[in-house]
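J.: next come a sequence and a model predicted from it.
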6 protein chains.
Amino acid sequence: MPYVNIKITKTGATVEQKAELIKGATELLQRVLNKNPATTFVIIEEVETDNWGVGGETVTARNAKAAPIT
Amino acid sequence: MPYVNIKITKTGATVEQKAELIKGATELLQRVLNKNPATTFVIIEEVETDNWGVGGETVTARNAKAAPIT
Amino acid sequence: MPYVNIKITKTGATVEQKAELIKGATELLQRVLNKNPATTFVIIEEVETDNWGVGGETVTARNAKAAPIT
Amino acid sequence: MPYVNIKITKTGATVEQKAELIKGATELLQRVLNKNPATTFVIIEEVETDNWGVGGETVTARNAKAAPIT
Amino acid sequence: MPYVNIKITKTGATVEQKAELIKGATELLQRVLNKNPATTFVIIEEVETDNWGVGGETVTARNAKAAPIT
Amino acid sequence: MPYVNIKITKTGATVEQKAELIKGATELLQRVLNKNPATTFVIIEEVETDNWGVGGETVTARNAKAAPIT
């Protein structure tokens, strides 16, 4: 009965990639802790790069400068 | 001073229904634990069905197949 | 398939009261949005009063002064 | 390695203000707990006023009546 | 730079199993979205069965009756 | 009416330091967005180092090897 919340920057993850994350996270909980997939929830939240900060600045600002952070 | 976070799939909850959820959750905390409504926060998050998974697949995929999951 | 997260201060909620919150929140989602209780999750988190702040100070500090905040 | 999540109502915070929040929260963790900014995440979530409740009603409803709540 | 939050019931996950979840979730984000493991956070929260509800009752109550929910 | 959630590793933050975080986060929201401190919530969660991962391994494991991550 696990609950998994995945937050990523909103930078173009496709429907297929999100389905992959959901499938993979569910299998991980089943494999490691024998959790039932039928009652495993996975919620993906995509966050604007203006709203995500690391190193004290927004991801937007960082990516404007140099090698993007994923 | 409770904080309540309700996540639902983004499938057409109306403004009135969301107001009902907020009212109901606030009353619940008051009734059960005598919490002050004035300092009870309720936040509703509506999640795209492509971003919510159960049983290892997206709600979008499940609902395309069979009886919808609410 | 809703997910409800309730955060309250850790100030003695009993097992029965927590069961009441779970029952009430599940019924609320069913009544307002016709959500299936079988796939409604409710998670209660009890937070130490040293770790919860309002008005810029901890709940511990506030309650030491005056009328407790619930 | 802290993780900070800030939820505010979606009422017009600018990109510059959000960058200020990210910078300020990161500096706070560094100043108080000596946390490394390079591994401090800050995520800002902006919530529609129809989806945020306090006192048992939506912020939208409250602000229609009287002095806005910020 | 993903952030993954895994909530499970507190029912005896070992340190090794938790390390497996962290490793697996990090690899999943790298494989599907090419996210950098060095900036992937995974936080596991273990929730008492009295504080987790499904179907309108606590996991404690459900497991006392019948086939445990994991 | 902001809500701030700060997650840090459970590595000895004192009551005074946590009060500093609450004060500082509240002031930050007031300074940048003119939010009312009276309705600003700050919740600090302290996470065991076995339950926090970065780079695919637990903080416990990383700190056993080399320069601690804060």
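T.: That came through, no problem. Numbers count the residues shown, from 1 in each chain, chains lettered A, B, ... in the order given.
J.: helix/strand/coil for the closest residue to A:Val15 other than its chain neighbours?
T.: Distances taken as CB to CB, 6 or more residues apart in numbering or on different chains put B:Asp50 closest to A:Val15, at 5.2 Å, once the chain neighbours are dropped. Using the backbone N, CA and C atoms, a C-beta is placed for each residue, glycine as well. Following DSSP: H, G, I helix; E, B strand; the rest coil, the label given to B:Asp50 is coil.
J.: ok, now which ones touch B:Asp50?
T.: Shown in contact with B:Asp50 (CB atoms under 8 Å, 6 or more residues apart in numbering or on different chains): A:Val15, A:Lys18, A:Ala19, B:Thr58, B:Val59, B:Thr60.
J.: now do A:Leu21
T.: By CB under 8 Å, 6+ apart, the contact set of A:Leu21 is A:Ile6, A:Ala13, A:Val42, A:Ile44, B:Gly53, E:Leu28, E:Leu29, E:Val32, E:Leu33.
J.: wait, a helix at the first one?
T.: This points to A:Ile6. No: using three-state DSSP, the assignment for A:Ile6 is strand, not a helix.
J.: bridge partners for it, pull those for me.
T.: Per DSSP bridges, the residues bridged to A:Ile6 are A:Ile44, E:Val4.
J.: my read: it touches E:Val4, true?
T.: Yes: contact criterion CB atoms under 8 Å: A:Ile6 and E:Val4 qualify, at 5.2 Å.
J.: list the residues that contact both of the two?
T.: Joint contacts of A:Ile6 and E:Val4 (CB under 8 Å, 6+ apart) are A:Ala25, E:Leu29.
J.: and the helices in chain A?
T.: Taking DSSP state H, the helices of chain A run over residues A:15-33, A:59-65.
J.: report the buried residues of the shortest one.
T.: The neighbour-count check on helix A:59-65 (16 or more other CB atoms under 10 Å in any protein chain shown) flags A:Val59, A:Thr60, A:Ala61, A:Arg62 as buried.
J.: quick one, grab the pLDDT at the residue in chain A positioned nearest to chain D.
T.: Distances between chain A and chain D by CB to the nearest CB are smallest at A:Gly53, namely 3.0 Å. Turning to A:Gly53, the model gives it a pLDDT of 98.
J.: same deal with A:Glu45?
T.: At A:Glu45, pLDDT is 98.
J.: state the distance from the spatially closest residue to it that is not a sequence neighbour to C:Thr60.
T.: Closest residue to A:Glu45 apart from its sequence neighbours, by CB to CB, 6+ apart: A:Lys7 at 4.7 Å. Distance, A:Lys7 to C:Thr60, using CB to CB, to the nearest Å: 30 Å.
J.: which bits of chain A sit near chain C?
T.: Residues of chain A lying near chain C by CB under 8 Å from any CB of the partner chain: A:Met1, A:Tyr3, A:Thr39, A:Phe41, A:Ile43.
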